[in-house]
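Chemist: heads up, no residue letters with this:
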């Protein structure tokens, strides 16, 4: 019995907490992606690059001497502007054609390639290290945990809760959901659909940028970071259900726990392939994912 | 008439100079990582080689010919190293090549050297295979290999922590795996128990997923063969997660060096490894070398800098003994050659082209390496398992 408790406390608990700290950042990425798909019906292949640009923006801001907290606050705002501009200038052009899915997929894919190479040219190919703003570790029930990861978990959970609150409990959220459910009806009821669309895209991009800043001190910043991370985010979104916020949150947290606990028994390099295998199974068994779409949430 | 005589004299005296110039400088190609995770190692290699070239040329060069170094970036990638080596041999016509860091690169470039009938020497690569089952008649190694480092470290560990539980964590490629394998067999032969073995990708950013298995295993000793920036991340994360408390961390000699020691900081204290070189080896030769190195580069030499410095003197001794730069003659001269290095006199074993030298166990304390043990060359070298020549 004593040994079991010891295992729970010293082996399992740290894995669960570590998984949660990564899971929160994965959920932030997946939330942005699922909101953009659920509302705009746009598969944003450039989402990973927005995550990377967020991280690089933080590096740049820290480079001119701003403290980390300023970078944390400013980057999502900057990314929102970038997102808004992208939606208005690029996505809107192909949005109204019959081939919307294919065209937006190709468009955002091309955009991703351009952005990744631009980052490599501007910042160089070598990984950049970002110092964690909170150093040191806390001892909680005999477990040592870095303070910064605890902070990421706390802030991330707060942002996720705020998003849920806005979408489901405010008038703004109601407008967004209405525009997702039936664009024409919502427009005829006075919802400024074009602005709502661009704003929602901007918001999704801002979430990706925030995830980028938060994870930069843990994972380092390098040009292909977006490409690596967006695959995980897409898997979470697919498993949770394209367009479902509840799905993104539950799937994100659950899957990172699966990865974390499985790495006790198999080599952690298999945790990403494990995730993709689960995604394949879900697509075969229940293609719409675990939960519904945003408009119908 | 006077002008004619003067011109004739000048022309006459120019002739022997022209004849000498036709022998030309000896070109040595250097394929080493100048960017990427192992850039710090490449930097030490460059410093060592540059210092040696300056000194050799100032003393008249090799057999009257100056040395010229041509650098190319291998990016710690065997595919890139092969291309660069091919270019150096065929376009730049180098006589000799050195500088490869990544063990995979050394093996690949060795094959390029065989095709071009030229010799190469590595001053960094640890993988035992290079002078064992994958040995090549055109490849030489002047640095200590993984087996020799393991012998020194295993000796120290058996004395300090007899029959301890050891957990292994290494980077997932040739050097990482073979270094772990070499130490594991040396340590197990002396009574330790293996409680886990896990490999992370090279350039891995977050080691926390690997700590779960470490915690399950509850080892008394953790052995790691990561290097460069990977070590910085691993050690800092181990400190953050409180993993290094009550555990003796040991590792390969390339894991903590003067290049990454500053970035690791306090998290490196207590780390012990087996090396072929430490900047504070107490000999006149070494003290002179360290002073010259620091004066030239404002940084202390590590094992990569010291061994890279030594390789040009090795080549010089071989060419002077062979009285030629022809591949076959130099190869013959190199076999069994003894030459002087900051670490003392090294002997190149003819059977497998591996250098023999005394080995040390060193511990990191407050940003410095202190020597805590020593093993003689004959004991450390291990058997000759090369069967290709």
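Modeler: That came in fine, so what should we check first? A quick note: this is a predicted structure, and the numbers were derived from the prediction, not measured. Numbers count the residues shown, from 1 in each chain, chains lettered A, B, ... in the order given.
Chemist: Could you pull up the contacting residues of the residue of the stretch 151-300 of chain B found nearest chain A?
Modeler: Nearest residue of the stretch 151-300 of chain B to chain A, counting by Cβ to the nearest Cβ: residue B:242, 2.7 Å away. No exception for glycine: its C-beta is placed from N, CA and C like everyone else's. Residues near residue B:242 by Cβ atoms under 8 Å, 6 or more residues apart in numbering or on different chains: A:137, A:139, A:143, A:144.
Chemist: pretty sure it is in a strand, no?
Modeler: No. Going by DSSP: H, G, I helix; E, B strand; the rest coil, the assignment for residue B:242 is coil, not a strand.
Chemist: What is the least confident helix or strand in chain B?
Modeler: Lowest on mean pLDDT, DSSP states H and E among the helices and strands of chain B sits helix B:2-23, with a mean of 57.
Chemist: For the helix or strand following that one, what is the distance to the chain centroid?
Modeler: Next helix or strand after helix B:2-23 toward the C-terminus (DSSP states H and E): strand B:26-32. From the chain centre to the centre of strand B:26-32 is a distance of 15 Å (Cα atoms, centre = their mean, to the nearest Å).
Chemist: So in that sheet, which strands flank strand B:26-32, and in what orientation?
Modeler: Taking DSSP bridges as the criterion, strand B:26-32 forms sheet pairs with strand B:67-73 (parallel), strand B:96-98 (parallel).
Chemist: Go through the ones you listed and pick out the most buried.
Modeler: Of the strands paired with strand B:26-32, the one with the most neighbours on average (mean count of other Cβ atoms under 10 Å in any protein chain shown) is strand B:96-98, at a mean of 27.
Chemist: Need the residues that contact the helix or strand just after that one.
Modeler: Next helix or strand after strand B:96-98 toward the C-terminus (DSSP H and E): helix B:103-116. Contacts to helix B:103-116, defined as Cβ under 8 Å, 6+ apart, come from residues B:31, B:74, B:76-79, B:81-82, B:85-86, B:89-90, B:97, B:100, B:119-120, B:122, B:125-127, B:129-130, B:134, B:136-139, B:173-175, B:178.
Chemist: near chain A, which residues of chain B show up?
Modeler: Counting by Cβ under 8 Å from any Cβ of the partner chain, the residues of chain B lying close to chain A are B:35-36, B:39, B:172, B:198-201, B:203, B:205-206, B:208-213, B:215-216, B:229, B:233, B:237, B:240-243, B:245.
Chemist: again, only this time at 7 Å
Modeler: Within chain B, the positions near chain A by Cβ under 7 Å from any Cβ of the partner chain are B:35-36, B:198-199, B:201, B:205-206, B:208-210, B:212-213, B:215-216, B:240-242.
Chemist: Just the buried ones from those, in PyMOL syntax?
Modeler: Burial among the residues of chain B next to chain A is assessed by 16 or more other Cβ atoms under 10 Å in any protein chain shown; the matching PyMOL selection reads:
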select buried, chain B and resi 36+198+199+205+206+208+209+210+212+213+215+216+240+241+242
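Chemist: Quickly list what the residue nearest to residue B:271 when sequence neighbours are not counted is bridged to.
Modeler: Distances taken as Cβ to Cβ, 6 or more residues apart in numbering or on different chains place residue B:364 nearest to residue B:271, at 4.6 Å, with adjacent residues excluded. Note on residue B:364: beta-bridge partners by DSSP bridges are residue B:369.
Chemist: Any figure for the gap between residue B:364 and chain A?
Modeler: Between residue B:364 and chain A the computed distance is 21 Å (Cβ to the nearest Cβ, to the nearest Å).
Chemist: Tell me how far the residue of the stretch 151-300 of chain B closest to chain A lies from residue A:22.
Modeler: Taken as Cβ to Cβ, to the nearest Å, the spacing of residue B:242 relative to residue A:22 amounts to 19 Å.
Chemist: How about the residues of chain A by chain B?
Modeler: Counting by Cβ under 7 Å from any Cβ, the residues of chain A close to chain B are A:10-11, A:14-15, A:18, A:126, A:137, A:144, A:146, A:218-220, A:260, A:263-264, A:267-269, A:271.
Chemist: how about the closest residue to chain B within the stretch 1-150 of chain A, phi and psi?
Modeler: Nearest to chain B in the stretch 1-150 of chain A, going by Cβ to the nearest Cβ, is residue A:144, at a distance of 2.7 Å. Backbone torsions for residue A:144, taken as degrees, to the nearest 10, come to phi -90, psi 130.
Chemist: From what I see, it and residue A:137 are in contact.
Modeler: Yes. Counting by Cβ atoms under 7 Å, residue A:137 is a contact partner of residue A:144 at 5.0 Å.
Chemist: Which one's more surrounded, these two?
Modeler: Between residue A:144 and residue A:137, counting by other Cβ atoms under 10 Å in any protein chain shown, residue A:137 is the more crowded of the two (18 against 15).
Chemist: The more buried one reaches residue B:239, doesn't it?
Modeler: No. With contact defined as Cβ under 7 Å, residue A:137 does not count as touching residue B:239 (8.0 Å).
Chemist: Who are the packing partners of the helix or strand bottoming out on mean pLDDT in chain A?
Modeler: Here the helix or strand of chain A ranked lowest by mean pLDDT, DSSP H and E is strand A:137-140, holding a mean of 80. Under the contact definition 3 or more Cβ pairs under 7 Å, 6 or more residues apart in numbering or on different chains; DSSP states H and E, strand A:137-140 sits against strand A:143-146, helix A:147-169.
Chemist: Going by mean pLDDT, which of the ones you listed comes out lowest?
Modeler: With a mean of 84, strand A:143-146 has the lowest mean pLDDT of these.
Chemist: For that strand, list every residue counted as buried.
Modeler: Under the neighbour-count criterion of 16+ other Cβ under 10 Å, strand A:143-146 has A:143, A:145, A:146 buried.
Chemist: same thing with stretch B:163-179?
Modeler: Neighbour-count burial for stretch B:163-179, counted by 16+ other Cβ under 10 Å, picks out B:164-171, B:173-179.
Chemist: so of those, which ones are in helices?
Modeler: Counting by DSSP state H, the buried residues of stretch B:163-179 place B:174, B:175, B:176, B:177, B:178, B:179 in helices.
Chemist: Now distance to residue B:353 and pLDDT too, for the residues you listed, in a markdown table please.
Modeler: Below are those laid out as a markdown table (distance: Cβ to Cβ, whole Å; pLDDT from 0 to 100):
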| residue | distance to residue B:353 | pLDDT |
| --- | --- | --- |
| B:174 | 18 | 83 |
| B:175 | 18 | 82 |
| B:176 | 23 | 89 |
| B:177 | 22 | 91 |
| B:178 | 17 | 86 |
| B:179 | 19 | 87 |
